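Q: 3D model of this:
(one chain, ligands or ions: 1)
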Amino acid sequence: MQVSVFSTKPYDRSFLEAANVGTAHRLLFHEPRLTEQTAPLAAGSDAVCLFVNDVADAETLSILARQGIRLVALRCAGFNHVDLAAARDLKITVSRVPAYSPHAVAEHTLALILALNRQIHRAYNRVREGNFALDGLIGFDLYGKTVGVVGTGQIGAVVVRILTGFGCRVLAFDPYPDAACVALGARYVSLDELGAESDVVTLHCPLTPDTNHLVDARFLARAKKGLMLINTGRGALIDTRAAIRALKNGSLGSLGIDVYEEEADLFFEDLSSTVLRDDVFARLLTFPNVLITGHQAFLTREALSGIATTTIANISAFAETGRAVHEVSVERLA
Ligand code: NAI
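A: A predicted model of the protein is given here:
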């Protein structure tokens, strides 16, 4: 198979090339994100390999289909950016990487919680400037605190396990409770109860029409005052404008995010010499109690290796049998 790999970064290339050794696939690496405008780059390929901010809407998929693309091999878990109904109608198979080191994202979640709580981001700058004052850096013991985990799938379940190691009381919300989480001591409650009782809430559910703006003005108004909100799921799980209002009035105590609603035009690129046009994001950057990373929770060697291996396995299976190992389709979601 010839595969056009979009949104290629140096690390994508090295891990995918390593995983591709011994196969007959030809990988063509393109730096641009997939959009209607860049779709012609895939001409001559049988498959495209996409990441989280590539556009796979109906228009783009139909351009790909006209060029003979039969497989969209996502090198990520989330598939909210793919129009699955359009893919089905165009007879394009969509595959993804459902599991790859959930520890990578879970551990980054803890990194955000701990750094934000103990204000490591501010302490780092202070010490470098010779300011060893501690005023304003008071945190809290995570031990004994209540943490609400929204979505206890592969990543959320690891977060639950780590939090129990810290001695936290864990509340969970998921339409499909996980027995292993219950065995660890997590208690499944309603989303409202989770918000009202938790000192920290962390989001690990997929972005779907149901979970879009799951954390909105209503949730934030009912949440415990001073809540620390963490999002390593998908940006649109949080209504960012509502979060900014809650940060301004003090009801939201702090915010740690690895994902952002409008990240597609920002993340993964060096924009340090350009003017930031996103005023909402710019406002977030002004808060001392907001910590942002640019969608890097997955970025460990183990996760990158797992992503590349499963992506190539999906492509190989499709080449041999016409079916990928981990397909995602509207029928399967129904
Ligand atoms: P998963 O599919 O194993 O688990 C998702 C869980 O969310 C399931 O248990 C499901 O029942 C639950 N869920 C579905 N709807 C829900 C709702 N309305 N409320 C609460 N829970 C709900 O997925 P996994 O692997 O744990 O990943 C979770 C999400 O993390 C992905 O969908 C993706 O968006 C995000 N992610 C972010 C990464 C990053 O680098 N920041 C990397 C990988 C995934």
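Q: Distance check, the residue in the stretch 1-150 of the chain positioned nearest to the ligand against Arg169.
A: Closest to the ligand within the stretch 1-150 of the chain is Gly78: 3.5 Å, counting by Cβ to the nearest ligand atom. Any C-beta I mention is one placed from the backbone N, CA and C, and that applies to glycine too. In this view, Gly78 and Arg169 are 29 Å apart by Cβ to Cβ, to the nearest Å.
Q: What of Arg218?
A: Counting by Cβ to Cβ - Arg218 and Arg169 are separated by 24 Å.
Q: Look at those two and report which has more neighbours.
A: Between Arg218 and Arg169, counting by other Cβ atoms under 10 Å, Arg169 is the more crowded of the two (17 against 13).
Q: so what's Val290 bridging to?
A: Here Val290 sits in beta bridges with Leu255, going by DSSP bridges.
Q: Now do the contacts for Gly245.
A: Wrong residue type there; residue 245 is Arg, not Gly. Contacts for Arg245 (Cβ atoms under 8 Å, 6 or more residues apart in numbering) come out as Ala217, Leu220.
Q: Likewise for Gly44?
A: Here Gly44 is in contact with Gln2, Gln67, Gly68 (Cβ under 8 Å, 6+ apart).
Q: and those as TSV, adding distance to Thr60, neighbour count and pLDDT?
A: As requested, the contacts of Gly44 are exported to TSV (distance: Cβ to Cβ, whole Å; neighbours: other Cβ atoms under 10 Å; pLDDT from 0 to 100):
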residue	distance to Thr60	neighbour count	pLDDT
Gln2	19	13	98
Gln67	11	17	97
Gly68	15	13	97
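Q: from those, which ones fall inside strands?
A: Gln2 (DSSP state E).
Q: which SS state does the residue of the stretch 1-150 of the chain closest to the ligand fall under?
A: coil (DSSP: H, G, I helix; E, B strand; the rest coil).
Q: mind listing what it touches?
A: With contacts defined as Cβ under 8 Å, 6+ apart, the neighbours of Gly78 are Val52, Arg96, Pro206, Leu207, Arg234.
Q: hmm, 7 Å instead?
A: For Gly78, the contacting residues are Val52, Pro206, Leu207, Arg234, by Cβ atoms under 7 Å, 6 or more residues apart in numbering.
Q: Then Thr60?
A: Leu34, Thr35, Glu36, Ala39.
Q: can you redo those residues as CSV with neighbour count, secondary structure and pLDDT?
A: Shown next, in CSV, are the contacts of Thr60 (neighbours: other Cβ atoms under 10 Å; DSSP: H, G, I helix; E, B strand; the rest coil; pLDDT from 0 to 100):
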residue, neighbour count, secondary structure, pLDDT
Leu34, 28, coil, 98
Thr35, 17, coil, 97
Glu36, 14, coil, 97
Ala39, 24, helix, 98
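Q: Mind picking the two most distant members of the residues you listed?
A: Greatest spatial distance among the contacts of Thr60 (Cβ to Cβ): Leu34 and Glu36, at 8.8 Å.
Q: can you tell me the residue of the chain closest to the ligand?
A: Going by Cβ to the nearest ligand atom, the ligand is nearest to Gly153 of the chain, at 1.7 Å.
Q: Pull the contacting residues for that residue.
A: His204.
Q: how much space between it and Val182?
A: The gap separating Gly153 from Val182 is 15 Å, by Cβ to Cβ.
Q: Contacts for stretch 93-100, please.
A: In contact with stretch 93-100 (Cβ under 7 Å, 6+ apart) are residues 70-77, 79, 82, 84, 87, 154, 303, 306-307, 310-311, 314, 318, 324, 326-329.
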